[in-house]
Structure formats: structure tokens, C-alpha cells
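Novice: Next come a sequence and a model predicted from it.
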Amino acid sequence: MYEFIQKFHSGWAYLALLLLVIAVASSFIGMTSKKDFTSKDRKIALFALIGTHTQLLIGFVLYFISPLGLASLGQMKDAALRLTSLEHPLLNVIAIVLITIGWSKHKKAVSNESKFKSIAVFYGLGLVFILSRIPWNLWF
Ligand code: HEM
């Protein structure tokens, strides 16, 4: 069970990050080139939202069954364990809250530019947060 969830979380991360990078890049392009916000742009942002939320759910399950998750929360002096048991989960939850705020702000926005801007800024910040706390040595 642990191995399956761990591999799922590891593999889904590629998809979630790819979708997020595409959403951020295309919203920046849309914002700067003053394009119309089309249903294609909405779908890109929606897929990135779903991809990251799915990763969050898998992450929560993993957190309770992995020896590097909740079980290691007390060991703050070990940087690798602090990363997987505290920093990575915390920063990723914040990142996904930001992405969700970006999604709901884009829905309320009226102009094309402000729709692109909500996605570019909030999804972009979320991406930076996520990338700042990936356990790279475990992943590669
Ligand atoms: C978009 C959000 C997230 C991304 C992109 C992400 C990505 C990753 C990656 C690439 C790894 C290394 C996987 C490997 O061992 O090959 C990892 C490990 C881990 N993640 Fe996440 N993660 C996310 C969210 C979360 C959340 C929200 C939690 C907990 C609530 C979490 C808990 C963990 C734990 C405990 C590990 C260590 C697992 C182990 O090797 O036993 N992750 N994550």
C-alpha cells in the first residue's frame, strides 16, 4: 500500500507540475499579448487546478503512511526529514490554497486581462512555493 501510494505521488507530480507550468506560461502570454480569455484558457487552468488538488489528496494519504511523513515530524534537526514531514507538506498546502484563490478570482474577474492576471499571479506563486520544497533527492 505504502509503495503504491508513494509511486503514485511521485509519478503524478510530473503531470501536476507540467499542467501547472503550462497554465502559468499561457496565462502570462495571454496577459502580455492582450488576448481574449477563451474556453481553452479556462480548461488549461481547470486541468492544472484538478491536477494539483489530486496531488494534494495523494500527499495527505502518503503523509500518514510514509515513514518520512507524520512519523518523522519530531525530528527537526534532520534537514531531510524536516523537509518531508513539515516543509514540503506545509508549503504545498499553502501553494494549493493560492492556486484555488487564483481560480476563484479568475471566475469573478470581468476583463480578459484580469482573468489572465489572476491565474498568472496566483498559480505562478503556487508553482514557486511547490518547486522550493520538492524533495529532489528522493525524486531523481
Ligand atoms: C502539488 C503538490 C505536491 C507535489 C508536486 C509533490 C511532489 C512530491 C515529490 C516529487 C516527492 C518525492 C517522491 C519520491 O519519493 O519519488 C514527494 C514526496 C513526499 N510528499 Fe509530496 N508533493 C505535493 C504535495 C504533498 C502534500 C500536500 C503532502 C502531505 C500533506 C505531501 C507529502 C509527501 C511526503 C510525506 C513525501 C515523502 C514520501 C516518501 O518517500 O515516503 N506532498 N512529493
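Specialist: It's in. Numbers count the residues shown, from 1 in each chain.
Novice: interface residues of this protein facing the ligand?
Specialist: For the chain, the residues in contact with the ligand (CB under 6 Å from any ligand atom) are 6, 9-10, 13, 16-17, 52, 55-56, 59-60, 62-63, 66, 68-69, 84, 88-89, 92-93, 130, 134-135, 138-139. C-betas here are computed from N, CA, C, even on glycine.
Novice: could you flag which of those are buried?
Specialist: Buried members of the residues of the chain next to the ligand, scored by 16 or more other CB atoms under 10 Å, are 6, 9, 13, 16-17, 52, 55-56, 59, 62-63, 66, 68-69, 84, 88-89, 92, 130, 134.
Novice: So which of these belong to helices?
Specialist: Under the assignment DSSP state H, these contribute 6, 9, 13, 16-17, 52, 55-56, 59, 62-63, 88-89, 92, 130 to helices.
Novice: wait, which of those is closest to the ligand?
Specialist: Within these, distances to the ligand taken as CB to the nearest ligand atom reach their minimum at Gly59, with 2.5 Å.
Novice: from memory that closest one sits against Trp12, does it?
Specialist: No: under the criterion of CB atoms under 8 Å, Gly59 lies out of contact with Trp12, with a separation of 9.4 Å.
Novice: Go through the host helix or strand of Asp41 and flag the buried ones.
Specialist: Secondary-structure element containing Asp41, defined by DSSP states H and E: helix 39-65. By neighbour count, with 16+ other CB under 10 Å as the criterion, the buried positions of helix 39-65 are 41, 44-45, 47-49, 51-52, 55-56, 58-59, 62-63.
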